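[1] Here is my input, please return the structure:
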Amino acid sequence: MERQIDFTTGKIVRPLLKFALPVLAALFLQAMYGAVDLLIVGRFAHSEDVSAVSTGSQIMMTITNLLSSLCMGMTIFLGQKIGEKKTEDGGRIIGSGLMLFMSIGVVLTVAIPVLSANLATAMHAPAEAFDLTSSYIRICGMGIIVIIAYNLIGGIFRGLGDSVTPLFTVFIACICNILGDLLLVAGFHMGAKGAALATVGAQFISVILSVMMIRRRKLPFEFNKKMLRWDSGLIGKILFLGAPIAIQDFLVCISFLVILAIVNSIGLIASAGVGVAQKVCTFIMLVPLAFMQSMSAFTAQNRGAGKTDRAMKGLKSAIAISFVFGVVMFYIAFFHGNILAGIFSKEDVVIAASADYLKAYAIDCIFTCFLFCFIGFYNGMEYTKFVMVQGIIGAFAIRVPLSFFMSKWEPVSLFHIGLATPCSTVVQILMCFGCLAYIKKKLSKKEQF
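    Now for the predicted structure:
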């Protein structure tokens, strides 16, 4: 069955949804993947383990997002070649990309375990959970190459217009992670350490099985061992496209880590509560995230085909569909956050703290349907430097300073601290509308000549 989607011809909404739904399903499973750790640890371990997993997973998510964002350079590059009908370049792009990311993986495999205690210190991990946090980071760091390969497979196939294969790889990992958590955390009572081992082990199994499956598939281009070479030109293009996205995502994640560090300084209950809330947020933000990835692939292909107007029509459709889901998620998270938090924790004080923080994220659900679709569009248009700038401004000019200010406002409220996020999103949306006006003006001038 043909899994690659051509976004450059025919209807807009149908192929966009056809691509976005498997992406959404994959993101849901990915969220389940991370949530299972916290869910099982919350049920079969202690608050110290919950805090360790929430803090440690945030650090690892930051590193993973940095690498997967860098991989977006390859996703966009491939998408453009598909749009230009130059699929013969695909094998060379993937070969060079694999060399780049495996080299990065070797360095991180050594660096993360060595720096695990320093990372836990930087995050102000509560004293009761410090050793567990450090162990979680160290174990995940030792398996970072597996984590890189796992995310790389998804990035490659989304660039080809195939969102089904990444769904399969995530499904395998999710099932293996659930079984691993049940065995190591619930069965052998290994707490945070067991959750870390289950995470790495599940992704290792997923990568092996996925490679076996992919080798049997027919790709739209030739790929062999000779293409595994360091081509400085291709790697330079991947970095040119991916580095601004990676820097932006990395610094945005750092801003959330700073906020978590601020919350950690308040106490163990606040730390665990925000950790639970952030796991819930991975679910309520799934639809805009799915459209962000889908818009990157959709826009990259249409830009490659010289159909910018079609890409803009796709942006409007994605925002409209995403907005409907945003309203629904707002209602659930704002008025029933305690029920959502109760899925991941059995302690009333942690649930109450989490629900308080979730009210602020509920407001952000209304705005992210605009922001994430814009980001996907600008990534596909190669406006990755703008994406980087708006992300940094939102993170460090608005979100972090406002969170710190709110943490000093007596009485301290996690809801007030959380309000920094929707405030930064509004500023970023305004910047995105300004950039869109610039693009339209630029295209209008070209049409006059």
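[2] Against residue 233, how distant is residue 56?
    38 Å (Cβ to Cβ, to the nearest Å). In this view, the C-beta of every residue, glycine as well, is placed from N, C-alpha and C.
[3] looking only at pLDDT, what's the mean for stretch 210-224?
    Averaged over stretch 210-224, pLDDT sits at 72.
[4] now do stretch 302-320
    On average, stretch 302-320 scores 89.
[5] Show me where the stretch 51-200 of the chain dips below the pLDDT cut-off.
    87, 159-160 (pLDDT under 70).
[6] ignore the last one, the stretch 201-350 of the chain
    Judged by pLDDT under 70, the stretches of the stretch 201-350 of the chain that qualify are 214, 217, 219-221.
[7] in it, which spans are helices?
    Remark: helices assigned in the stretch 201-350 of the chain by DSSP state H, counting those that start in this stretch are 232-264, 268-284, 286-304, 308-335, 337-342, 348-380.
[8] Adding mean neighbour count and distance to residue 108, write these out as a markdown table.
    Below are the helices of the stretch 201-350 of the chain laid out as a markdown table (neighbours: other Cβ atoms under 10 Å; distance: least, Cβ to Cβ, whole Å):
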| stretch | mean neighbour count | distance to residue 108 |
| --- | --- | --- |
| helix 232-264 | 20 | 13 |
| helix 268-284 | 25 | 23 |
| helix 286-304 | 27 | 23 |
| helix 308-335 | 18 | 33 |
| helix 337-342 | 19 | 33 |
| helix 348-380 | 24 | 24 |
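[9] so which of those helices comes closest to residue 400?
    helix 232-264 (5.0 Å; Cβ to Cβ).
[10] now for that closest one, which elements pack on it?
    Packing partners of helix 232-264 (3 or more Cβ pairs under 8 Å, 6 or more residues apart in numbering; DSSP states H and E): helix 47-83, helix 90-114, helix 268-284, helix 384-393, helix 400-407, helix 414-418.
[11] right, so of those, which gets closest to residue 310?
    Once these are compared by Cβ to Cβ, helix 47-83 is nearest, at 10.6 Å.
[12] how far off helix 90-114 does that closest one point, in degrees?
    160 degrees (axes from the mean of the first three to the mean of the last three Cα atoms, to 10 degrees).
[13] distance between helix 47-83 and the chain's centre?
    Centre-to-centre, helix 47-83 and its host chain are 5 Å apart (Cα atoms, centre = their mean, to the nearest Å).
[14] now do stretch 359-372
    Offset of stretch 359-372 from its chain centre (Cα atoms, centre = their mean): 16 Å.
[15] Next one: residue 233 from residue 66, what distance?
    Residue 233 sits 23 Å away from residue 66, going by Cβ to Cβ.
[16] again with residue 121
    20 Å.
[17] So which of these two has more stuff around it?
    Neighbours per residue (other Cβ atoms under 10 Å) separate residue 121 from residue 66, with residue 66 holding more: 20 against 13.
[18] and that one, what does it touch?
    246, 249, 250, 253 (Cβ atoms under 8 Å, 6 or more residues apart in numbering).
[19] for the residues you listed, which one is nearest residue 25?
    Closest to residue 25, out of all of those and judged by Cβ to Cβ, is residue 249, at 22.1 Å.
[20] which residue sits closest to the closest one, ignoring its sequence neighbours?
    Residue nearest to residue 249 in three dimensions, not counting chain neighbours: residue 69, with 4.0 Å by Cβ to Cβ, 6 or more residues apart in numbering.
[21] right, and the one you found touches residue 245 too?
    Yes - proximity of residue 69 to residue 245 meets the contact threshold set by Cβ atoms under 8 Å, at 4.6 Å.
[22] ok, the most centrally placed residue in the chain to residue 16 distance?
    Geometric centre of the chain, nearest residue: residue 65, 5.5 Å, by Cα atoms, centre = their mean. Distance of residue 65 to residue 16, given as Cβ to Cβ: 24 Å.
[23] same question, residue 84
    20 Å.
[24] Between those two, tell me which one has more neighbours.
    For residue 84 versus residue 16, the count of surrounding residues by other Cβ under 10 Å is larger for residue 16: 22 against 15.
[25] Correct me if wrong: the more buried one contacts residue 297.
    No - using Cβ under 8 Å, residue 16 makes no contact with residue 297, being 9.4 Å away.
[26] Common neighbours of these two, please.
    residue 7.
[27] show me what contacts the nearest residue to residue 142 once chain neighbours are set aside?
    If the residues on either side of it in the chain are set aside, residue 142 comes closest to residue 113, at 5.4 Å by Cβ to Cβ, 6+ apart. Contacts here follow Cβ under 8 Å, 6+ apart; on that basis residue 113 touches 137, 138, 141, 142.
[28] Give the buried residues for the helix or strand harbouring the second one.
    Spelled out, that is residue 138. For residue 138, the host element (DSSP states H and E) is helix 130-142. Judged by neighbour count using 16 or more other Cβ atoms under 10 Å, the buried positions of helix 130-142 are 130-142.
[29] Which single one of these is nearest to residue 316?
    Of these, the one sitting nearest to residue 316 (Cβ to Cβ) turns out to be residue 140, at 39.7 Å.
[30] The closest residue to that closest one other than its chain neighbours - how many residues pack around it?
    Closest residue to residue 140 apart from its sequence neighbours, by Cβ to Cβ, 6+ apart: residue 60 at 4.7 Å. Neighbour count for residue 60, taken as other Cβ under 10 Å: 24.
[31] Next one: residue 60 relative to residue 127, how far apart?
    21 Å.
[32] How about residue 195?
    20 Å.
[33] more neighbours, the two?
    residue 195 (30 against 9).
[34] Test my guess that the more buried one contacts residue 184.
    Yes - Residue 195 is within contact range of residue 184, at 7.4 Å (criterion: Cβ under 8 Å).
[35] Of all pairs in the contacts of residue 113, which one spans the longest distance?
    Farthest pair in the contacts of residue 113, by Cβ to Cβ: 137 and 142, 9.8 Å.
[36] Pull up the overlap in contacts between these two.
    112, 113.
[37] is it true that residue 374 touches residue 431?
    No - between residue 374 and residue 431 there is no contact under Cβ under 8 Å: 9.0 Å.
[38] List the contacts of the residue nearest to the centre of the chain.
    So residue 65 contacts 249, 250, 253 (Cβ under 8 Å, 6+ apart).
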